[in-house]
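Asks: fold the following and give me the result.
(chains A, B, C and D)
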There are 4 protein chains.
Amino acid sequence: MNGDSFSAGEQIVSPAYIRQGREARRSHEQLIRLLLEKGKCPQEPWDESTIELFLQELAVMDSNNFLGNCGVGEREGRVASSMVARRHYRLIHGIGRSGDIAAVQPKAAGSSLLNKLTNSVVLNVLKIAGARTATGCFVVPMATGMSLTLCFLTLRHKRPKAKYIIWPRIDQKSCFKSMITAGYEPVVIENVLEGDELRTDLNSVESKIQELGAENILCVHSTTSCFAPRVPDRLEELAEICAKYDIPHIVNNAYGVQSSKCMHLIQQGARKGRIDAFVQSLDKNFMVPVGGAVIAGFSNSFLEEISKMYPGRASASPSLDVLITLLSLGASGYKNLLTERKEMFTYLSSELKALAEKHNERLLETVHNPISLAMSLKNLNDEGGTAITQLGSMLFTRQVSGARVVPLGTSQTVNGYAFKGFMSHSNNYPCAYLNAASAIGIKKQDVDMFIKRLDKCLRLCRKEKHLGAQTAGDLQATKEDVRELAQQLSESLQVKAEDQQLLT
Amino acid sequence: MNGDSFSAGEQIVSPAYIRQGREARRSHEQLIRLLLEKGKCPQEPWDESTIELFLQELAVMDSNNFLGNCGVGEREGRVASSMVARRHYRLIHGIGRSGDIAAVQPKAAGSSLLNKLTNSVVLNVLKIAGARTATGCFVVPMATGMSLTLCFLTLRHKRPKAKYIIWPRIDQKSCFKSMITAGYEPVVIENVLEGDELRTDLNSVESKIQELGAENILCVHSTTSCFAPRVPDRLEELAEICAKYDIPHIVNNAYGVQSSKCMHLIQQGARKGRIDAFVQSLDKNFMVPVGGAVIAGFSNSFLEEISKMYPGRASASPSLDVLITLLSLGASGYKNLLTERKEMFTYLSSELKALAEKHNERLLETVHNPISLAMSLKNLNDEGGTAITQLGSMLFTRQVSGARVVPLGTSQTVNGYAFKGFMSHSNNYPCAYLNAASAIGIKKQDVDMFIKRLDKCLRLCRKEKHLGAQTAGDLQATKEDVRELAQQLSESLQVKAEDQQLLT
Amino acid sequence: MNGDSFSAGEQIVSPAYIRQGREARRSHEQLIRLLLEKGKCPQEPWDESTIELFLQELAVMDSNNFLGNCGVGEREGRVASSMVARRHYRLIHGIGRSGDIAAVQPKAAGSSLLNKLTNSVVLNVLKIAGARTATGCFVVPMATGMSLTLCFLTLRHKRPKAKYIIWPRIDQKSCFKSMITAGYEPVVIENVLEGDELRTDLNSVESKIQELGAENILCVHSTTSCFAPRVPDRLEELAEICAKYDIPHIVNNAYGVQSSKCMHLIQQGARKGRIDAFVQSLDKNFMVPVGGAVIAGFSNSFLEEISKMYPGRASASPSLDVLITLLSLGASGYKNLLTERKEMFTYLSSELKALAEKHNERLLETVHNPISLAMSLKNLNDEGGTAITQLGSMLFTRQVSGARVVPLGTSQTVNGYAFKGFMSHSNNYPCAYLNAASAIGIKKQDVDMFIKRLDKCLRLCRKEKHLGAQTAGDLQATKEDVRELAQQLSESLQVKAEDQQLLT
Amino acid sequence: MNGDSFSAGEQIVSPAYIRQGREARRSHEQLIRLLLEKGKCPQEPWDESTIELFLQELAVMDSNNFLGNCGVGEREGRVASSMVARRHYRLIHGIGRSGDIAAVQPKAAGSSLLNKLTNSVVLNVLKIAGARTATGCFVVPMATGMSLTLCFLTLRHKRPKAKYIIWPRIDQKSCFKSMITAGYEPVVIENVLEGDELRTDLNSVESKIQELGAENILCVHSTTSCFAPRVPDRLEELAEICAKYDIPHIVNNAYGVQSSKCMHLIQQGARKGRIDAFVQSLDKNFMVPVGGAVIAGFSNSFLEEISKMYPGRASASPSLDVLITLLSLGASGYKNLLTERKEMFTYLSSELKALAEKHNERLLETVHNPISLAMSLKNLNDEGGTAITQLGSMLFTRQVSGARVVPLGTSQTVNGYAFKGFMSHSNNYPCAYLNAASAIGIKKQDVDMFIKRLDKCLRLCRKEKHLGAQTAGDLQATKEDVRELAQQLSESLQVKAEDQQLLT
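Replies: Here you go, the predicted model:
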């Protein structure tokens, strides 16, 4: 409502009340103004009503919402379904222009503002999270892998002779594929075992560079966040090597924003050596739906080159999600989530350690991994591979998600490359294990239920194995076995009622 | 509600009424069952309530919505903002897995169903639109350009020696960039002028293939939908050439689904020769927000290779949008939209022709272009380039969107390639012109307002030009001039009230 | 966004685009300003986006949405569920104050504006609908019956001696109860039969007044909209009688706004005689959910007395619904609905007439009833009462809603008053019949399906009756009978597939 | 989705995943089944997704959502605006039938279930809150006052001779008006002062009954929740008197559900004597929008009489709000709210006591009032009445809502009855005071801000008064005065920035 509307309102309702209402409106406007002026994540959370007000303001600035618009182009932001229009807050034109995903659209001032602001707010949060000297970033509606591909494709134009990408092994398909899709040959650097940890083999990296010739190498492609017992790459040293040989360095920071350690590694790498870009998932770090990533870096000219590489407009949906999320959390809310995650990591560690010992296993010592943990499964594995797989599916039917069992000796061929010991980041890791992670948003309840259910599954696995061998004298145990096996049967039909009670 | 709930309901409310209600529920379930069984776009539109019911059913099947789930992975589909969760109907896990964008996710049966169904329904609609023998398609959350890039990157692995892409010129940046980004050298084939039309130079294509050697060519990259006076490529003949030389053929069908002519060209090309994939925009053809495309083809094995090339999961947002849209339209509704578009094209043609003649210009004769029209701007152009640009901005401030003015002699360098006469698809098209298109969803009101406003703008342009030269005797005209110029001034401050009345 | 925000936006996105966007925003604001200044239903429909913008503006003016509010009262507009807050657009404070349902709330300027504007817009629409000289109205969150009760309770204070209400019989429970609840004794005036029509017995009314004494009569309580063969009361004459004897006159205009005839009767009554208030349902006239009514009149002082009679605040929900609805329709849209209804009435009449003749029944001639029709059911009735009831339930299970069968000779006691021939507005109407109405929002499809299903049901009823009597020679008919009876059986289990196809 | 749909789904996605999804769906269904079977508030909160699923299930059972419905009645639940349909979850038919607000509607099985369930769940919560032996209740879409009126109107039919209602004075307009509107003469029983408290004068009540004659008295109308220094009526003794004289007893329990003390009084009253019905506000007790109340009691036959008194259908909106709210809180969540409220009451008491002493006032001792507190304003009042009023408006502009200042000696005439000392429940309470309450949903932040702002306002009031009288020697104080007065000026223009920071 503008001034005239307020005046008209004063004729209907007491001017004093309208004045109070108008004053209240100003508080919302103030927040919006600050956001536009500073481009930073607000310290405190915004109300849903302020966010909606803001999105509506943006939407009315897009031509598809002009009351008097007539459209004779091939792309007019018309929407057939009102359900669809609503769920996008009527922001239909996406982001970017055919030449540049970061460009402003004349037809869509509101969507353009959304895009620019989101990038600015996300950059602010990346800095808060630890990448203090990052100079720019932009959100892309693509997963981490495809975003890495885009980085590699951009480097191609700068390094026409290059054929190889140096890649310290990490057994996750999409980051391997990101190189294949871009048309490069990954040069796999096996990790070295230090205690229980798998760490970057810096000597191999350097000797491989010398062997292949720096100009034939597109870049080093390193990783921070990963499943234990692998730990984040030695970014600082890798960055120094890259600087020394003048080789670009792209960091896969998939879910590393949530960990101050990962962010610190990136910050140090950039300070001491060379990091051209670091890429992170939106969903894994900001609790939004799958489908977006942030490409960030320490040099805006390279970032601009990447953004100009994306051919065509793009979905604004991931940008919208992350903007809404950060406004509704505020910087303080996001920091709280980071703190809680760290606390839950400690809690999960100690609980898992206790459970492991109870079952005669041990929590692997992986102090350099700030997010993921691994517990050995030696006893299960002795029985042969199937017990491990069975444990995985027992957890699955008990609605434990994200726990990952890694048996020994699995081989897999990905895009023609054969990996021994696939999933374990190593040709022959000493033991089978189970992974559990403390990721952003995890609750104490998640940990408690997980430990409880894992405990039960491990007991059931053991029971099954020993059942045949039991003597008649061991009656009490047998009774319990029968009870538990009956339970297991009933559970395979239906998630147990007692769990239900705990959970709801 | 299950049977027990209905029984409980009968204790509260009369059994006869509950039975009637249950019966009614069955009608919704019936529609859902048919969709799942047939995988086709329903003939008749679905109610919003059925669509919401269906989406909720899908959502409860995803692990992030399990009431008793505990998550210890790095990606658990947690959502920080309830606004975000709601706008995605709580479908958070996106589509695909790290290895394949078409793969099923164990954690997300609902999202997986959504993905598969959407592809199936969209394929059905592509067939209805004319690609009768298409065998598969999949929705990607990327614009047309990036989707073309993905096709090229997939071909790379099949044609390791190739360096070139044969590309009949079309002056649109993202499709040019799609080749650059993929790392290929576009071989630009200039169009030939036939009457007013710019058409594919088949001889040049063939001789270029012979000159470069087929094995050095990644593919032919042709275009259907385009701005007049360019017309769709001669797909049938291009497909035959591709078959003859065993060269892949990728078709940019950006907004061609809405035109039976474009779809017919593709169908004929596939029948007579070779088409490996055709790519179309979701927003331009299905009236959804910007950000998705469909990659379709006549061979599922190639499509699978492409889907496996996408590294990582992807946003389900474009899939969700297009599924909601097609369910809410039904096949009948979509066909109606196609019919209306065609009718509006005829109407726009005749109105624009009449207007052109009134202003001593002419509608270019481009019978092969079923969507876009061009009207000459000879008189304006005689004045020098600025008048044309000014016309563009006059239309912009009058909230005419999508009308595109093309002056003569614009040169532009895109990614190092210099284009003479950029925007006109030709080094030296005979005249400047203005484009207008009849795209899906256009209304008679759009055409009428456009003609009215264009008429006024053209008159104003002419007035301005002649104003100085007028004699004192031409008083009546001058008065009107003054009035119109005053109006123009006032319009630059505010969209005219009279238009407003027409529009609202 | 205020001026500062727009300036900040210009630093991010091109000033020209921001200017265009700001201009576009002004169009929405303009509509809001006009609404506030004129207080009339806008001529043309508002976009959903404008309505939402407006409601959000109202909401931020209420204290529960103040960003810095602290509440230490007993009613602070706090909402526990965000689902609830959203569905009310965060307008929580309801309408009115403890003293007056029309009063302005200091805590809630936005809700107060909503309340005042709604009343103003509804009054405007009542005038458009025909009550041209109405001077005021207000929406109450109570059904028509309870609203009538409130009118009677208000009159009590003006007529302390009164015990009776004169009430031309209409067999609808809630309007009868409205008098009982208010504590008055209804004096039932039986209708007179004129042709097929049941009309007001003016002589009885006047003689009853004389008999009881005007000062003992609280008011005359007349009715416009009603089921045929009853027709609207003779309002003009009743109003004249009321004026003559100085007796208040309250009109139950339940669903009469949709009919120009009903509204004309009220307008004429007020012009020629006395009408103190007329009450109409929101849901039946404005296509909103059940639960609101409008109390309107020709004297604001009496209306104010009524509004001050409502003790306490009240739900804003019905006001919100009707305001959203009228803004989204516009005056033009509402008028279109009225026109369509009238056309459908004509169509329903002719179709029902034809069907009646086919089945050897007749459409009763009730020219004074502009909404409801009645078709005789003589043949069915001859069979005894059960056939009629069965027809009703056959229609019900076939998802025909609103068709009402009226057998002969039903007696019912309501609050101690015995009614002979209940439902037929008469002690002994000559025949049983079936009612069907053409109410606002009805579609041709409703009429067609109704006629089709009724036809089938009537045939089935007849078949059943004659089945036993059929001779062996009548083989062909028997086959059909069997088929139809089988069908009937299957239908009782499931609504027929063929109907489904027609409907969806 | 039914079994067939799941089977079809298994063809598309792995059967194991579909099974898991189906299992998950069962958890939601389980909750729904339990609700329907038990009719109780679930112990634990429901997810939004379960609530939405449930509401959608209800909605599809209503005829307006039947896919194949055809409607030829006068009320078909058609909705013109899809915004309106959505906000009511497509539940359009309201609750009740013309004869009874608790009756089941044949056309609307879903809405009928909603209505019945809501009443059942609310009854369960009333019991939990302390009315352990309550036997029934129903939600009405009317404020507390109008609901009381409905109770009185129902009693009229049982006590035709009655003219009076015995009413221990409470200065709140709507409960006074509830009697006037029903047509009765309130017999005001002045309260007695005990310490600081105003309590029921039981002797007066009994002697008044004897004076007027029991049969001439409709009922005793008592009050629990009220502003201090009045305290809840002595319900137990009143109930005993009512039993003794066989007089109905209606309790206004407006916001008493939130206080175990108020509920205990009702429970004791019913146990020891007579309570016919107790009425409470929905918004004040359950944190929903204004507009509904619950009428509850210990005898279902009387409750049924009341529900049959409401003429016509009614809005389902308040029922929907309270059901959503209670499901989303769960019994545990509601109990937590009650506990927090109590804790905040203690906190507010101690803070307000401290503040009072600092300003040389005192917190009135009103131990029997569990919700509202009063702090004396003797010093302000000495200055004359305007200072008190000014304090009120200072608090208002500082966005303190609900704080109520009560000056001495205000007289007001309500519906012809003159009240001395209006607002203070007493003809001549000893001092002016300010009320603050700890109502359900209050946060510590509310209390802290209130105390801070009140402190500042009190200081400003004092400063103003003394400013003229100050000596030159008192320089330091004067400086501060100037600063504060300047601040006050600036505040009247804009709520202070520093507050804003605290609040947001």
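Asks: ok, the closest residue to residue A:255 other than its chain neighbours - contacts?
Replies: With Cβ to Cβ, 6 or more residues apart in numbering or on different chains as the criterion, residue A:255 has its nearest non-adjacent residue at 3.7 Å, and that residue is residue A:284. Backbone N, C-alpha and C define where each C-beta goes, glycine included. Residue A:284 makes contact with A:225, A:254-255, A:258, A:439-440, B:74-75, according to Cβ atoms under 8 Å, 6 or more residues apart in numbering or on different chains.
Asks: any figure for the gap between residue A:284 and residue A:265?
Replies: Distance check for residue A:284 against residue A:265: by Cβ to Cβ, to the nearest Å, it reads 17 Å.
Asks: likewise residue A:232?
Replies: 6 Å.
Asks: where does the prediction get shaky in chain A?
Replies: Applying pLDDT under 70 to chain A flags the ranges A:381-384, A:465-504.
Asks: how is it carved up into domains?
Replies: As given by automatic domain parsing, the domain ranges for chain A are A:3-67+A:78-92, A:109-329, A:335-503.
Asks: pick the most deeply packed of these.
Replies: Highest mean neighbour count among these (mean count of other Cβ atoms under 10 Å in any protein chain shown): domain A:109-329, with a mean of 23.
Asks: residues contacting whatever residue of the stretch 201-350 of chain A ends up closest to chain D?
Replies: For the stretch 201-350 of chain A and chain D, the shortest gap (Cβ to the nearest Cβ) falls at residue A:330, measuring 9.1 Å. By Cβ under 8 Å, 6+ apart, residue A:330 lies in contact with A:41-46.
Asks: backbone phi and psi for the residue in the stretch 401-504 of chain A that chain B sits nearest to, please?
Replies: The stretch 401-504 of chain A approaches chain B most closely through residue A:402 (1.9 Å), counting by Cβ to the nearest Cβ. The phi/psi pair for residue A:402 (degrees, to the nearest 10) reads phi 90, psi -10.
Asks: so who does it touch?
Replies: A:436-437, A:439, B:71-76.
Asks: grab the nearest non-local neighbour of it.
Replies: residue B:73 (1.9 Å).
Asks: next one: residue A:455
Replies: With Cβ to Cβ, 6+ apart, the residue lying closest to residue A:455 is residue A:355, at 5.9 Å.
Asks: that neighbour: which element?
Replies: Per DSSP states H and E, residue A:355 falls inside helix A:317-358.
Asks: swap in residue A:295?
Replies: Per DSSP H and E: strand A:293-297 holds residue A:295.
Asks: what's the distance between the single nearest residue of the stretch 1-150 of chain A relative to chain B and chain C?
Replies: Among the residues of the stretch 1-150 of chain A, residue A:73 lies closest to chain B, at 1.9 Å counting by Cβ to the nearest Cβ. Counting by Cβ to the nearest Cβ, to the nearest Å, the gap from residue A:73 to chain C is 15 Å.
Asks: touching, that residue and residue B:439? I think so.
Replies: Yes - counting by Cβ atoms under 8 Å, residue B:439 is a contact partner of residue A:73 at 6.9 Å.
Asks: give me the packing partners of the helix or strand residue A:149 falls within, helices and strands only.
Replies: For residue A:149, the host element (DSSP H and E) is helix A:144-156. Contact partners of helix A:144-156 among helices and strands, from 3 or more Cβ pairs under 8 Å, 6 or more residues apart in numbering or on different chains; DSSP states H and E: helix A:173-181, strand A:217-223, strand A:249-252, strand A:277-281, strand A:293-297, helix A:300-309, helix B:173-182.
Asks: contacts made by the fifth one with the rest, please.
Replies: Around strand A:293-297, the neighbours that count as contacts under Cβ under 8 Å, 6+ apart are A:122-123, A:126, A:131, A:134-140, A:142-144, A:146-147, A:150-151, A:275-282, A:303, A:306-307.
Asks: residue contacts, residue A:415?
Replies: A:176-177, A:180.
Asks: I meant to write residue A:201 there.
Replies: Per Cβ under 8 Å, 6+ apart, neighbours of residue A:201: A:168, A:189-192.
Asks: now with 6 Å, please.
Replies: Residue A:201 makes contact with A:189, A:192, according to Cβ atoms under 6 Å, 6 or more residues apart in numbering or on different chains.
Asks: any idea how far residue A:246 is from the one residue in the stretch 151-300 of chain A that gets nearest to chain C?
Replies: Taking Cβ to the nearest Cβ, chain C has its nearest neighbour within the stretch 151-300 of chain A at residue A:300, 15.7 Å off. Here residue A:300 is placed at a distance of 20 Å from residue A:246 (Cβ to Cβ).
Asks: bridged to residue A:296, which residues?
Replies: residue A:137, residue A:278 (DSSP bridges).
Asks: for residue C:17, find the nearest of the domains of chain A.
Replies: Of all those, domain A:109-329 sits nearest to residue C:17, with 4.0 Å by Cβ to Cβ.
Asks: and the end-to-end length of the closest one?
Replies: Using Cα to Cα, to the nearest Å, the end-to-end distance of domain A:109-329 comes to 25 Å.
Asks: cheers, nothing more for now.
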